[in-house]
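S.K.: Provided below are the primary sequence and the corresponding predicted coordinates.
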Amino acid sequence: MRRRWALVAAAGAVVLAVVLWKRGQGETPASPPAVVEGAPPQVAPALPPPAPARPPSAVVPAPAAAVQSREVLAAALHEEMVPVASSTVVEAIDRDRSWVCAGEPMSLSARLGGVPEAGAVHRWVWLTEDGNAELHPGRTLQWKAPVTAGRYAVRFQVCKDLGGRRVGVLAERLVEIDVRPCGPGERQVSEPLRLIVTQRRQAAFLFQAVSQGGERADAYAWDFGDGATAQTIEPQVEHAYSVQDLGTNETRSFTVRVMARSSRGTPLVATAFVLARGAPPTEGPRPAELEVSRWSEQPEGGWRSEVVVRDVATDITWDRLERVTRYWDGGVDIDTRKWSEVVRVEEGLERGGFRGYVLVSPSEAAPDTKQILDFLYGYDSTGQEVVFSWSPYKSEAPLMPPGVEEPPRK
Amino acid sequence: MQRLARTVFVSLGLLLALPSVARADGLGTIAYGDNCWGSGADADRDGLNDDCEYQLAYWFMPKLWFDSGESGFGRRPYYSVKNLSFSSRTVQIFYLDTFYDDTGVTTGHDGDPEFQLFELHYSAGRWYLDWAYLSAHRKSSCDSSAWYSYSQLEYDTSDSRNGYRGWPTLYVAEDKHATYNNLSTCDAGCLLQDYCSRTTVQFLDTTDRLVSRNVGSTTVQLINSVVFNGKTERILDDAPFKGWDDQWYRANSEGYGRHLIDFGF
């Protein structure tokens, strides 16, 4: 009896040890989150067709590049990979670091050469420890390292749909990644300099160099990866990329580097990849380009916004300015004035363009004012009306009121 | 024997002490994977299963924050799904918001054809948002529309079914319905004229869950002429969009056709 109990206990221990070992090695759970609900309640969608068969259980990945053959990957992806002759070349794979701590992200970006092929798409594929394959489209990848240190393989491919489940491989490159065990002081959060990227508008970004401990350097040298550079005293800078030549579904990756110089020590460097994407042209030629700066508070009170009208296509004669005041209670006032009474021109530019500013007085920006809008009216040389508008002031939205009603769950 | 018992005990303790597993990215709620391609009914003949198109559009439908001054919530959203590539397991969803009115001061008009275009892909059991193009006065003099990569978008993960790179949270400019990825870009939008806040939150389709709202495409039209409130809109054509409302004192907007064509739908 004692012997049987011992056998049962031993078996239990082995099962537990296997469970622990597997969990320790896993990157993220392959199963969906605990709360996985079916189709929306108002619809009863037909059952989906059966998923293609899983690859045979013999396909067990190992953290080594050598075993990631194309065939094994194709089986895990439930597809047929077909090599296709092409002049497209994967010239190099750039990375933001030479190795990565277990469980942390790493950025990869592919550089292509040769002749681009119409209809080609880009993807990264790699095997996971549970025998599945991960796929990420695009020329850049933020790859999250498994929690187990070792050498891992990721494959970048330039592909083309060949119909059905056949995927033509035009070019590819295998990348080996060194994943190391790290102590707390070696993690990315402890790096002396990090680069934070925030998008401002189409293809325009704010870059912020964040130092460990919040210490500021004496100067920052920026390389935006498109040939442009900048030197700043502030640890942040904005930059817009030119993407006019990119198609709607085309992206371009830029490698951005910042070097922080300080008299107290060696320079620090941080790198990030920025993705910009082309968009279809939005409209025909504009009558002029308008630039308006966000208002700044004046020492004597009130707010000032810089206004520039340039690149005027045909002569414009300015006529009037409507100042619209919107109040928090929903009320609206419209005040029409001579344009020159509101717009203070500092420099006249060609064909009616100008560089100047507008002011908003403290009384206009009273507490009950939500926003002020300016509409500048003029006429071009054909007599066609031209209107430009902007906002020279808006008050802060109140903090979210408590008890905002959430929409019904999906 | 004692050692074995201790091992079992310690193992059990370690198992219980493991930190809770972080939530996976993307959405695992969609009953289709790469069998979305080349299976089942395909009314718009784009290579994607019709029900898969619906489930993708439904589950990735964005959550929208409206401002306290919003006076034009009314809308009847539609969608279109396009196959980009089986090789990259990538599709695009075009959400036609179809707001009935732009109620902006002095610049309002009947019909407001703002839209969102999402690009997503499938990988190993989950779907991930890769890109979003958010229209913001597109083709106007203060066009502030932009492509945003997934890392520049916000996700409300208070719903346990959503994750980073699942359905995004967007910000809708007061009365004008331009959409933005966060409050800061909205604040700068349309030469600082757009105004957003976190006051009222709704999913894009508040009532019909996008059921039977797949318009197909401009070339294979599943829904085009829509009669509502006794008025007809041709939402796929390059024709004016009046928001099923046609007030004599207000201008109409240009329709969705030109945007759909520009983006290849």
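M.R.: Good, I have the coordinates.
S.K.: contacts and neighbour counts: CA atoms only from here.
M.R.: OK.
S.K.: all strands for the stretch 101-250 of chain B, in order.
M.R.: In the stretch 101-250 of chain B, strands defined by DSSP state E, counting those that start in this stretch lie at B:109-112, B:115-123, B:126-134, B:146-149, B:154-155, B:168-172, B:179-180, B:200-203, B:225-228, B:231-234, B:240-241, listed in chain order.
S.K.: alpha carbons only: can I get the helix or strand where A:L275 lies in PDB?
M.R.: Of the helices and strands defined by DSSP states H and E, A:L275 is found in strand A:265-277. Once non-C-alpha atoms are left out, strand A:265-277 reads as follows in PDB (Å, rounded to 0.1, in the frame of the first residue of the first chain):
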ATOM      1  CA  GLY A 265      30.700  61.600 -18.700                       C
ATOM      2  CA  THR A 266      30.800  59.700 -22.000                       C
ATOM      3  CA  PRO A 267      28.100  60.400 -24.500                       C
ATOM      4  CA  LEU A 268      25.100  58.200 -24.400                       C
ATOM      5  CA  VAL A 269      23.300  56.900 -27.500                       C
ATOM      6  CA  ALA A 270      19.800  55.600 -28.100                       C
ATOM      7  CA  THR A 271      18.200  54.200 -31.300                       C
ATOM      8  CA  ALA A 272      14.600  53.800 -32.400                       C
ATOM      9  CA  PHE A 273      12.900  52.800 -35.700                       C
ATOM     10  CA  VAL A 274      10.100  55.000 -37.000                       C
ATOM     11  CA  LEU A 275       7.600  53.900 -39.500                       C
ATOM     12  CA  ALA A 276       6.000  56.300 -41.900                       C
ATOM     13  CA  ARG A 277       3.300  55.400 -44.400                       C
END
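S.K.: show me the contact partners of that strand.
M.R.: The contact list for strand A:265-277 (CA atoms under 8 Å, 6 or more residues apart in numbering or on different chains) reads A:96, A:107, A:109, A:140, A:192-197, A:202-203, A:209, A:241, A:243, A:246-261, B:147, B:149.
S.K.: for it, the distance to its chain's centre please.
M.R.: The gap between the average C-alpha position of strand A:265-277 and the chain average comes to 14 Å, counting by CA atoms, centre = their mean, to the nearest Å.
S.K.: show the average pLDDT along that strand.
M.R.: The predicted model assigns strand A:265-277 a mean pLDDT of 91.
S.K.: so which bits of that strand are buried?
M.R.: The neighbour-count check on strand A:265-277 (16 or more other CA atoms under 10 Å in any protein chain shown) flags A:L268, A:V269, A:A270, A:T271, A:A272, A:F273, A:V274, A:L275, A:A276, A:R277 as buried.
S.K.: between the residues you listed, which is closest to chain B?
M.R.: Using CA to the nearest CA, A:R277 comes nearest to chain B of the buried residues of strand A:265-277, at 6.5 Å.
S.K.: list the neighbouring strands of the one helix or strand A:L170 maps to plus their orientation.
M.R.: When elements are defined using DSSP H and E, A:L170 is found to belong to strand A:166-180. Neighbouring strands of strand A:166-180 in its sheet, by DSSP bridges, are strand A:80-83 (parallel), strand A:100-101 (parallel), strand A:150-161 (antiparallel).
S.K.: does chain B sit close to stretch A:118-127?
M.R.: Yes - among the residues of stretch A:118-127, A:V121, A:H122, A:R123 lie within reach of chain B under CA under 8 Å from any CA of the partner chain.
S.K.: which among these gets closest to chain B?
M.R.: If you rank those by distance to chain B using CA to the nearest CA, A:R123 comes first, at 6.0 Å.
S.K.: test my guess that A:T248 contacts A:T282.
M.R.: No - at 11.6 Å, A:T248 does not count as touching A:T282 under the criterion of CA atoms under 8 Å.
S.K.: may I ask which of the residues of stretch A:118-127 next to chain B has the most neighbours?
M.R.: Highest neighbour count within the residues of stretch A:118-127 next to chain B, by other CA atoms under 10 Å in any protein chain shown: A:V121, with 24 neighbours.
S.K.: who's it bridged to?
M.R.: Per DSSP bridges, residues listed as beta-bridge partners of A:V121: A:C159.
S.K.: residue contacts, it?
M.R.: With contacts taken as CA under 8 Å, 6+ apart, A:V121 has the following neighbours: A:P137, A:G138, A:V158, A:C159, A:K160, B:S85, B:S87, B:S88.
S.K.: switch to 10 Å and redo it
M.R.: Shown in contact with A:V121 (CA atoms under 10 Å, 6 or more residues apart in numbering or on different chains): A:137-139, A:157-161, A:169-170, A:249-250, B:84-88, B:90.
S.K.: pick the most buried one from the strands paired with strand A:166-180.
M.R.: When neighbours are counted by mean count of other CA atoms under 10 Å in any protein chain shown, the highest per-stretch mean among the strands paired with strand A:166-180 falls to strand A:100-101, a mean of 24.
S.K.: okay, the closest residue in space to A:Q199 that isn't next to it in sequence: pLDDT?
M.R.: Using CA to CA, 6 or more residues apart in numbering or on different chains and skipping residues adjacent in sequence, the residue nearest A:Q199 is A:F205, 4.3 Å away. The predicted local distance difference test score for A:F205 is 96.
S.K.: what helix or strand is A:F205 located in?
M.R.: With the criterion set as DSSP H and E, the secondary-structure element containing A:F205 is strand A:204-211.
S.K.: buried ones in that strand, by neighbour count?
M.R.: Buried residues in strand A:204-211, counted by 16+ other CA under 10 Å: A:A204, A:F205, A:F207, A:Q208, A:A209, A:V210, A:S211.
S.K.: elements contacting whichever helix or strand comes after that strand?
M.R.: Sequence order places strand A:219-223 as the next helix or strand after strand A:204-211, per DSSP H and E. Secondary-structure packing of strand A:219-223 (3 or more CA pairs under 10 Å, 6 or more residues apart in numbering or on different chains; DSSP states H and E): strand A:204-211, strand A:229-232, strand A:236-240, strand A:251-262, strand A:265-277.
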